[in-house]
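Undergrad: Here's my sequence, what's the structure:
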Amino acid sequence: MKKVADRLAALPPYLFARIEQKIEKLQSRGIDVISLGIGDPDLPTPSHIVKALIDQAQKAENHRYPTSAGLLAFRTAVASWYRRRFGVELDPASEVVTLIGSKEGIAHISFCYLQEGDLALVPDPAYPVYGIGAALAGAEVYSLPLKGENNFLPDLSSVPVEVARKASLLFLNYPNNPTGATCDKEFFQDVVSFARHYDLIVCHDAAYSEITFDGYVAPSFLEVPGAKDVGIEFHSLSKTYNMTGWRIGWAAGNAELIKTLSSLKSNLDSGVFQAIQYAGIAALEGPQDCIEEMRRIYRERREIAVAGLKSLGWDFSLPKGTIYLWVPVPSGLTSTEFAEMVLEKSSVVVTPGIGYGKYGDGYFRISLTLATERLKEAFRRMKEAFGTLYH
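TA: A predicted model of the protein is given here:
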């Protein structure tokens, strides 16, 4: 066999392999395993969106190749949504590009602006694709630690001047996966100033902007004056409308960045199935009460999970965004050791924080994407197995 390309050697090891093996062994013995680790909404896509897909899939004109940049009608719906939701004006023809889910665009932006020896600033812990895309493009990654004492916001003032000058891209994500942290417009204003000073491209992942609680309303990076001069925002229908498997999202913002990303995409993919784009229009322009119902369900699950954690000894405050809880592990254990212990003794899966970066060790992530009774059962098992875990 031929040697695998060197770029794949830059990929981090798959840290969940041992846990997955343990899950398989338990399931092979007929043991019911409850997973609190999957960040994939269990709620169905709203019916009016499904109906739009069915109707459009029956039209022959939608069976042919779509344009790589996406239907102008979909991009117009995105621009209208930004105007209503954030007060942001976008030119749908030049400042929006349709993506095969935001993950695709996040990975590909590194190939547009990074090459061998370049540098990307990447939060740690973080959604792994930010660093993986940069590494596959041949670049080096400089980690921006997200620490509890800083409310899981990066301290941009601590980035060495020589690092900031060398960097080309800065990745951010608020509301944040995996920490559940949120930010305000003042933080984004600091980001714009930092990016202008060091001639950086900001790539903000806003996938969880609509999953917020307790009166908090997430801002868009593009709301801040000057944001479109320095960056773009990635968004998706996946979490807002429970459409993870549909694979449709967008990037919006600086026209030159959008043009470059569109150029790369035109050479690598053939766009999103048009019927799905029309379903996306139905999502963005149709009734939005489904979003408030989704928030209500996650809010209920969040309260159940926090009550469960408190019963196990954690003093844990309610996060204001995302579908995740980011929880410190008991002292003396790594995140992987803790996750394996919980699985072995209670048949419950939690995600070790080390999977999201070096600074994620010492934490584990809980996802709220399962029914309330299963969530209650998971904490009942943990309470039965451990009594008090954290003290």
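Undergrad: can you list contacts of the lengthiest helix in the chain?
TA: Ranked by residue count, the top helix of the chain under DSSP state H comes out as helix 289-311. Here helix 289-311 makes contact (Cβ atoms under 8 Å, 6 or more residues apart in numbering) with 41, 43, 46, 210-213, 240-242, 316-319, 323, 325, 327, 366, 368, 370, 372, 375-376, 378-379, 382-383, 390. Every C-beta, even on glycine, is put in place using the N, C-alpha and C of the backbone.
Undergrad: I'd like to know which of these are buried.
TA: For the contacts of helix 289-311, a burial check counting by 16 or more other Cβ atoms under 10 Å picks out 41, 46, 210-213, 240-242, 316, 319, 323, 325, 327, 366, 368, 370, 375, 378-379, 382, 390.
Undergrad: Can you name every helix or strand that the helix or strand hosting residue 130 contacts?
TA: In this structure, residue 130 sits in helix 129-136 according to DSSP states H and E. If contacts are counted by 3 or more Cβ pairs under 8 Å, 6 or more residues apart in numbering; DSSP states H and E, helix 129-136 sits against helix 6-9, helix 102-113, strand 119-124, strand 140-145, strand 167-173.
Undergrad: circling back: out of the buried ones among the contacts of helix 289-311, which sit inside helices?
TA: 375, 378, 379, 382.
Undergrad: now these in JSON lines, with distance to residue 179 and pLDDT?
TA: As requested, those are exported to JSON lines (distance: Cβ to Cβ, whole Å; pLDDT from 0 to 100):
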{"residue": "375", "distance to residue 179": "20", "pLDDT": "97"}
{"residue": "378", "distance to residue 179": "21", "pLDDT": "97"}
{"residue": "379", "distance to residue 179": "21", "pLDDT": "97"}
{"residue": "382", "distance to residue 179": "21", "pLDDT": "96"}
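Undergrad: Going by distance to residue 276, which of those residues wins?
TA: residue 375 (30.7 Å; Cβ to Cβ).
Undergrad: I'd like to know how far that closest one sits from residue 382.
TA: 11 Å (Cβ to Cβ, to the nearest Å).
Undergrad: Show me the domain layout of this structure.
TA: Domain segmentation of the chain under automatic domain parsing yields 6-44+290-386, 59-285.
Undergrad: tell me the most buried of these?
TA: domain 59-285 (a mean of 20; mean count of other Cβ atoms under 10 Å).
Undergrad: Show me what the mean pLDDT comes to for that one.
TA: For domain 59-285, mean pLDDT rounds to 97.
Undergrad: To residue 51, which of the domains of the chain lies closest?
TA: Among the domains of the chain, domain 59-285 sits nearest to residue 51 (Cβ to Cβ), with 7.8 Å.
Undergrad: hmm, back to that, using TSV, lay out the domains of the chain together with distance to residue 51.
TA: Below are the domains of the chain laid out as TSV (distance: least, Cβ to Cβ, whole Å):
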stretch	distance to residue 51
domain 6-44+290-386	13
domain 59-285	8
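Undergrad: show me where pLDDT drops low in the stretch 251-391 of the chain?
TA: Within the stretch 251-391 of the chain, the stretches with pLDDT under 70 are 391.
Undergrad: Could you pull out the strands in it for me?
TA: 324-328, 348-349, 351-352, 363-367 (DSSP state E, counting those that start in this stretch).
Undergrad: could you dump the ones you listed to a markdown table with distance to residue 160?
TA: Shown next, in a markdown table, are these (distance: least, Cβ to Cβ, whole Å):
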| stretch | distance to residue 160 |
| --- | --- |
| strand 324-328 | 27 |
| strand 348-349 | 39 |
| strand 351-352 | 30 |
| strand 363-367 | 26 |
